[in-house]
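Visitor: Pasted the sequence and its predicted model underneath.
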Amino acid sequence: MSDSTWQGQVFERDRLVRLLQEYGVYAALIVLAVVGVALDSSFLSLGNVRIQLFQVAPTLLVALGMSLVIGTEGIDLSVGAVIALAASVVPLYLGYGLPMALLVALLLGAVSGAAGGAMVAFGRIQPIVATLSLMIGVRGLAEIINGNSAKPMTDSGVLSLGDKSLGGIPLMAWIAIAAAVVVGLVVRRTTFGHRLVAIGDNRPASRLSGLPVRRVLVTVYIVSGVLAALAGVMIVAHGAEADPANQGLNMELDAITAVVVGGTPLSGGRVRVLGTVAGALFMQLITAVLTQHNVPASYTQIVEAVIICCAVYASQERGTR
């Protein structure tokens, strides 16, 4: 094989990988929708679409925050526990009014995120270790606050947040869409977004060039915590109960999956917000299709694991960030 032929094959392979990274999740989403309709003509009915939007909204919120963290070459394993904590405090502060309950929940999410960001930025602790410790501690705090038992939610204001629709689309989905637009604009159009990507691409060089690395890292984790807390409020509103022992479980894995499938590399240096949205929808529809056809949850987990491995392999194929 001549050098020119070999180089041509390498070029074609790299081009294919780039296309998969850029558009693979959208093509997979379309194929999945077609398969879903072929198996069940009501798959894209208004009622089923609304159900899927209700289900995906909290995951999308968490995934948006996770995409920013991963963009800095980090990870946030505490988001599921933050969801449980936010869900736990909402019933406790409803006596002071719904705005106060929401404010406290979001504030606790910000504090949790700041703690994780401080450990990473100032303590130089590996993100996976820092946020793992937070995940354990925050989950325990949520169970202590709520008495380690589920509490029913009866406040009409909270319940309306979980059930209300605007234009046929759940309010929860509108909130997630608005968050996606804001995060996308921040990443693409602001100095903060450019710094975030630069830090993920090469942190030592960013530090030497004078970028406020610590401030950006702490801010990113705070945003992740706030979005996770907002997701917790949505979950408790839609589920009509606060259950810290079960709410938010494995949500960090769902969020990471959506981000990776959406094309954001775990090596950092890039954030694909629209891809994250598509990734969250894709994983939700995969679960919906398999569940509707009585596929056991254990098999669903295997399918998701294969998808994650393929997505990570594709993102690393070129050996670039």
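Guide: Cool, got the structure. Numbers count the residues shown, from 1 in each chain.
Visitor: From here on, just use CA atoms for contacts and neighbour counts.
Guide: Fine.
Visitor: Look up phi and psi at residue 97.
Guide: Main-chain torsions, residue 97, degrees, to the nearest 10: phi 110, psi 150.
Visitor: so what's it scoring on pLDDT?
Guide: Note for residue 97: predicted pLDDT of 84.
Visitor: Just list the residues touching the residue nearest the centre of the chain, thanks.
Guide: Nearest to the mean C-alpha position of the chain, counting by Cα atoms, centre = their mean, stands residue 63 at 1.1 Å. Listed by Cα atoms under 8 Å, 6 or more residues apart in numbering, the contact set of residue 63 reads 254, 255, 256, 258, 259, 276, 280.
Visitor: wait, is the last one part of a helix?
Guide: To tie it back to what came earlier, the one meant is residue 280. Yes: looking at residue 280 with DSSP: H, G, I helix; E, B strand; the rest coil, it is inside a helix.
Visitor: is it true that it touches residue 58?
Guide: No: in this structure, residue 280 is not within contact of residue 58 by Cα atoms under 8 Å, at 9.9 Å.
Visitor: Give the burial count for residue 28, as a bare number.
Guide: Residue 28 is flanked by 15 other residues according to other Cα atoms under 10 Å.
Visitor: Where does the prediction get shaky in this protein?
Guide: Along the chain, segments meeting pLDDT under 70 span 1-21, 148, 240, 314-321.
Visitor: quick one: residue 174 and residue 258, what's the gap?
Guide: Note on residue 174: its distance to residue 258, by Cα to Cα, to the nearest Å, is 19 Å.
Visitor: Looking at those two now, which is surrounded by more residues?
Guide: Taking neighbours as other Cα under 10 Å, residue 174 and residue 258 compare with residue 258 leading, 31 against 15.
Visitor: Hmm, that one is touching residue 280, no?
Guide: Yes: taking Cα under 8 Å as the definition, residue 258 is a contact partner of residue 280 at 4.6 Å.
Visitor: Show me the common contact partners of those two, please.
Guide: Residues touching both residue 258 and residue 280 (Cα under 8 Å, 6+ apart): 60, 63.
Visitor: Tell me which stretches of the stretch 151-300 of the chain form helices.
Guide: With helices called from DSSP state H, counting those that start in this stretch, the stretch 151-300 of the chain shows them at 156-163, 171-189, 191-201, 203-208, 213-239, 251-261, 273-292, 297-316.
Visitor: As JSON lines, those helices with distance to residue 129 would be great.
Guide: As requested, these are arranged in JSON lines below (distance: least, Cα to Cα, whole Å):
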{"stretch": "helix 156-163", "distance to residue 129": "33"}
{"stretch": "helix 171-189", "distance to residue 129": "26"}
{"stretch": "helix 191-201", "distance to residue 129": "18"}
{"stretch": "helix 203-208", "distance to residue 129": "19"}
{"stretch": "helix 213-239", "distance to residue 129": "14"}
{"stretch": "helix 251-261", "distance to residue 129": "14"}
{"stretch": "helix 273-292", "distance to residue 129": "24"}
{"stretch": "helix 297-316", "distance to residue 129": "21"}
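Visitor: Select, out of those helices, the one closest to residue 36.
Guide: For the helices of the stretch 151-300 of the chain, the distance to residue 36 is smallest for helix 273-292, at 6.2 Å, taking Cα to Cα.
Visitor: Can you list the buried residues in that closest one?
Guide: For helix 273-292, the buried set under the neighbour-count rule, 16 or more other Cα atoms under 10 Å, comprises 273-290.
Visitor: from the contacts of residue 63, which single one is nearest residue 31?
Guide: Distance to residue 31, by Cα to Cα, is smallest for residue 280 among the contacts of residue 63, at 15.2 Å.
Visitor: Name the SS class of the residue nearest to the centre of the chain, please.
Guide: Relying on three-state DSSP, one would call residue 63 helix.
Visitor: re earlier: residue 31 is nearest to which of the helices of the stretch 151-300 of the chain?
Guide: Of these, the one closest to residue 31 (Cα to Cα) turns out to be helix 273-292, at 10.0 Å.
Visitor: Tell me which of the helices of the stretch 151-300 of the chain sits nearest to residue 142.
Guide: Closest to residue 142 of the helices of the stretch 151-300 of the chain is helix 213-239 (Cα to Cα; 11.7 Å).
Visitor: Appreciated, that's everything.
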